[in-house]
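**Q** Please work out how this folds:
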Amino acid sequence: MGKKRKKLLGTVEKVIKPIATSEPEKAEIGIKGADDLYREIRIENVVTDENGEKSRLKLGAKVDVVVEADSDATTKKPNS
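**A** Alright, predicted model coming up:
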């Protein structure tokens with residue numbers, strides 16, 4: 001089956017250095033269009049390109065946040 005997806009725009013608002021060296025650096029991403037209380041997410045600050053090369057996000061970087069689900073995990077939106 002196919003996938004359904006929604007793409008949202010985001011901006012890296014903070015790069016959070018770890019307290020302990022064993023912890024990963026985090027990127028806090030503000031998501032445009034999300035509800036006020038749920039606007040920010042924090043992820044490990046590692047992104048990978050198509051060749052497997054790893055990089056970190058910079059403060060202020062514009063990013064796409066993609067929510068993706070299998071078609072059988074969704075229902076059709078009713079007409080208003």
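**Q** Which pLDDT value goes with the one residue sitting closest to the centre of the chain?
**A** Centrality entry for the chain: nearest residue to the mean C-alpha point is V65, 4.1 Å, by CA atoms, centre = their mean. Per-residue pLDDT puts V65 at 95.
**Q** Repeat that for M1.
**A** Note on M1: pLDDT of 67.
**Q** Kindly report the same for T74.
**A** pLDDT, read off for T74, is 88.
**Q** For it, the count of nearby residues, please.
**A** 10 (other CB atoms under 10 Å). From N, CA and C alone the C-beta is placed, and that goes for glycine too.
**Q** ok, now the one 3 residues further on?
**A** For K77, the neighbour count with other CB under 10 Å is 6.
**Q** Would you mind finding the longest strand in this protein?
**A** As assigned by DSSP state E, the longest strand anywhere in the chain is strand 3-16.
**Q** Three-state assignment for the residue nearest to the centre of the chain, please.
**A** strand (DSSP: H, G, I helix; E, B strand; the rest coil).
**Q** how about it, what does it touch?
**A** Residues near V65 by CB atoms under 8 Å, 6 or more residues apart in numbering: K7, L8, L9, G10, I29, I31, I41.
**Q** Quick check: beta-bridge partners of it?
**A** Taking DSSP bridges as the rule, V65 bridges to L8.
**Q** residues contacting E28?
**A** Applying CB under 8 Å, 6+ apart, the residues near E28 are V12, E13, K14, V15, I16, E40, I41, R42.
**Q** same question but for E68, I mixed them up
**A** E68 makes contact with K3, K4, R5, according to CB under 8 Å, 6+ apart.
**Q** what comes up buried for whichever strand or helix holds it?
**A** In the assignment (DSSP states H and E), E68 maps to strand 62-70. By 16 or more other CB atoms under 10 Å, the buried positions in strand 62-70 come out as V63, V65.
**Q** Same question for stretch 36-51.
**A** Within stretch 36-51, the residues scored as buried using 16+ other CB under 10 Å are N45.
**Q** Just the CA atoms of that stretch, as CSV, please.
**A** Output of stretch 36-51 as CSV, limited to C-alpha atoms (Å, rounded to 0.1, in the frame of the first residue of the first chain):
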residue,chain,number,x,y,z
ASP,A,36,1.0,26.6,20.6
LEU,A,37,1.6,23.9,23.2
TYR,A,38,3.1,21.5,20.7
ARG,A,39,5.1,23.7,18.4
GLU,A,40,8.6,22.5,19.4
ILE,A,41,10.2,19.1,19.0
ARG,A,42,13.7,18.1,20.1
ILE,A,43,15.6,15.5,18.1
GLU,A,44,19.2,14.2,18.1
ASN,A,45,21.1,16.7,16.0
VAL,A,46,22.2,14.3,13.2
VAL,A,47,21.0,14.3,9.6
THR,A,48,22.2,12.0,6.8
ASP,A,49,22.4,12.7,3.1
GLU,A,50,21.7,10.2,0.3
ASN,A,51,25.3,9.0,0.5
